[in-house]
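K.L.:
Attaching a predicted model along with its sequence, questions to come.
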Amino acid sequence: MARPRQQVEILSLGTQELHEVLKLTEPPFLVAGEALRQLGYIDDFVRGLGCHSLLIETHYIDRHYMEDYSVFYSRNLYPFENFCRRLHFFTCDQEELHSSLEELRRGARDLPEEDLRARCGEFSRQSYLGFSIIKPLPGSPVGRTVLRPYPEGSNGGVSRRFPCIRYYTVHLGGLALTVRGLAFQQQDVGVSACATTALWSSLQKFQDFEDIGSATPAQITMLASQYALPFGRAMPSEGLSTDQMCQAVRALGVSPNLFQAVDFHTARGYLYSAISSQAAPILILWDSVQDSYHAVVAVGMDVRTSQQSPTNGATAFAEDRASNLVGLYVHDDRIGPYVPAPVNLTKEGLLSLDLPDGPWFLTHILIPMHAKIRLSFSGLREISFRLLEAIQAFRESVLGQVGALSFDPRITPSHLYLKELLTSEPEVTPERVERLWSKVPLPRYVGIVRIEADFLDPIHFLVDCTSTERNVHSLAVLALRTKRDETPHVVKFLADRYDCPVID
Amino acid sequence: MTLKQDMTAIAPQEREITGLDDPEVRRRFEESLRRLQKQTKPLIDAVRSSERLSQRDLAIRINTRL
């Protein structure tokens, strides 16, 4: 019996393309470039991030592929292997990688555990770009891939943000490296098509907040097909319906929040809120030329930072912060991870995304959320409008002023909200955070409506997400600053009107 | 002392304004509110219609390949 053989190679990423390094060739019956398109995208992407060296483990058991193998590929006549290769990408060169890993391994013997962890973390931040599993499937080799995204930050009046990524720990020869990203994989059209893959990626982010098991593509496809098979059979995957996608989410103990993209402004508002809430929304897209539907996951966004008049298309006084959203970064299993997709308003008044193969209309947004969130993005958006109406009426009648108000609704776990106040809001003192925490019973998830105007310091109006639209439980109102004279009046007005405490 | 009283008790001193207790101000407030509600109605209608899903929405087949 042949023994499994492991080999670890460190290579320089030179002029050879990744598929040449891996000695992958395209299988017959596919159009040229079809099978290796995603690998080519990853190749370009990591080079763009400054990748200089590779580490390849030749025998790696990936739980996600192993499950695909056990339910599907093991039953083929052709004996596909049940193991994969794992590629790691580094910015340092081959020599430096050798010596850094050797030094870290020596440190494992000599250093206290905390120090070793810190050094591994530092090395990861400096040099580690992530990993890619290469499956033994010539027609769809790219398996679970977690890469660092493009650098975040502002450039040319646009801020690039990736709120929907998380930390992954990668064990490499006894060392724990870390990478911040969101898992991507290529569709294999055997176990999973785009709908399964998009769900799989989005649920990876959900696990960052909630303790659900890591669902594999095979599990998702099977759960989706448990009660209904409208398109024939579960595998080879012939795609999923929206209903089946919701069934799979539900079967994993998560609540599917499905919205129609009825118009550009509402859809853009949902996208902005969901991404700001770190929810990794699944976008259902329609190609009008081929009349086909596709699913991708939004992982990040480009937000305009230069001052422009944000509008929502319907009122002059309610300005939607989401109007600064100019583009998304999506995981598209046909193309690659973090694909830039500018957002456009179509002549029909709908939202379209510019993907490399052309424009796609957004038809639906599916957001997996904790079951305790009853007041979701739609409810929170409606509450935002109600708050704005009230503040504006107060402003006009009591303060004798006119002008616009902007709003920005999102949902976040309460503990992260408190941490955010402590770390990111310099003028919210630790004592105020302590007052909020000790005086107001907070739910697992809190809805936050941020309201701003030229006459007003930014205000957070907090809503209990376990309440419902008809019985909204307002938690508290707090001003992030109190530099303007009108702010305390507006805060007190909101507290009185919505029967909640002021945190000052 | 209720929670709300407790929290508002620590609010800083504010300059006096003629608030909503004044009937004339209250009337102006209600009038403004009604006008503004008319402006936000299309936005709220859009939100509500985004939640309405038909069998057709649920039956969409998502299976785009390369």
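P.N.:
Done, it's in.

K.L.:
Isn't A:L325 up against A:Y272?
P.N.:
Yes: at 4.8 Å, A:L325 counts as touching A:Y272 under the criterion of Cβ atoms under 8 Å. All C-beta atoms are positioned from the backbone trio N, CA, C, and that covers glycine.

K.L.:
higher neighbour count, the two?
P.N.:
A:Y272 (24 against 21; other Cβ atoms under 10 Å in any protein chain shown).

K.L.:
Just the buried positions in the helix or strand hosting the more buried one, please.
P.N.:
In the assignment (DSSP states H and E), A:Y272 maps to helix A:264-276. Buried residues in helix A:264-276, counting neighbours by 16 or more other Cβ atoms under 10 Å in any protein chain shown, are found at A:264-276.

K.L.:
how about that helix, does it reach chain B?
P.N.:
Yes: judged by Cβ under 8 Å from any Cβ of the partner chain, helix A:264-276 comes into contact with chain B at A:265-267, A:270.

K.L.:
tell me which of those residues is nearest to A:A176?
P.N.:
The closest of the residues of helix A:264-276 next to chain B to A:A176 turns out to be A:Y270 (Cβ to Cβ; 36.9 Å).

K.L.:
List the contacts of whichever residue of chain B sits closest to chain A.
P.N.:
Minimum separation of chain B from chain A (Cβ to the nearest Cβ) falls at B:N63, amounting to 2.3 Å. The neighbours of B:N63, taking Cβ atoms under 8 Å, 6 or more residues apart in numbering or on different chains as the test, are A:193-195, A:231, A:237-240, A:292-293.

K.L.:
which among the residues you listed end up buried?
P.N.:
Of the contacts of B:N63, these count as buried by 16+ other Cβ under 10 Å: A:193-195, A:237-240, A:292-293.

K.L.:
Out of those residues, which are close to chain B?
P.N.:
Checking the buried ones among the contacts of B:N63 against chain B (Cβ under 8 Å from any Cβ), the matches are A:193-195, A:237-240, A:292-293.

K.L.:
Could you check how far the residue of chain B closest to chain A is from A:T216?
P.N.:
20 Å (Cβ to Cβ, to the nearest Å).

K.L.:
On the pLDDT front, check A:G313 for me.
P.N.:
On pLDDT, A:G313 comes in at 53.

K.L.:
Can you tell me the centre-most residue of chain A?
P.N.:
For chain A, A:C164 is the residue whose C-alpha lies nearest the centre (Cα atoms, centre = their mean; 2.7 Å).

K.L.:
Just the pLDDT at that one, thanks.
P.N.:
What the model reports for A:C164 is a pLDDT of 98.

K.L.:
likewise A:T482?
P.N.:
pLDDT, A:T482: 85.

K.L.:
And for A:E103, the neighbour number?
P.N.:
The burial count for A:E103: 11, using other Cβ under 10 Å.

K.L.:
And it, its phi and psi?
P.N.:
phi -70, psi -40 (degrees, to the nearest 10).

K.L.:
Let me know the distance separating it from A:I10.
P.N.:
The gap separating A:E103 from A:I10 is 14 Å, by Cβ to Cβ.

K.L.:
do A:Q16 as well
P.N.:
15 Å.

K.L.:
now the helices for chain A?
P.N.:
A:18-21, A:37-48, A:63-71, A:94-110, A:113-127, A:194-206, A:217-224, A:242-251, A:264-276, A:377-394, A:414-424, A:430-439, A:487-497 (DSSP state H).
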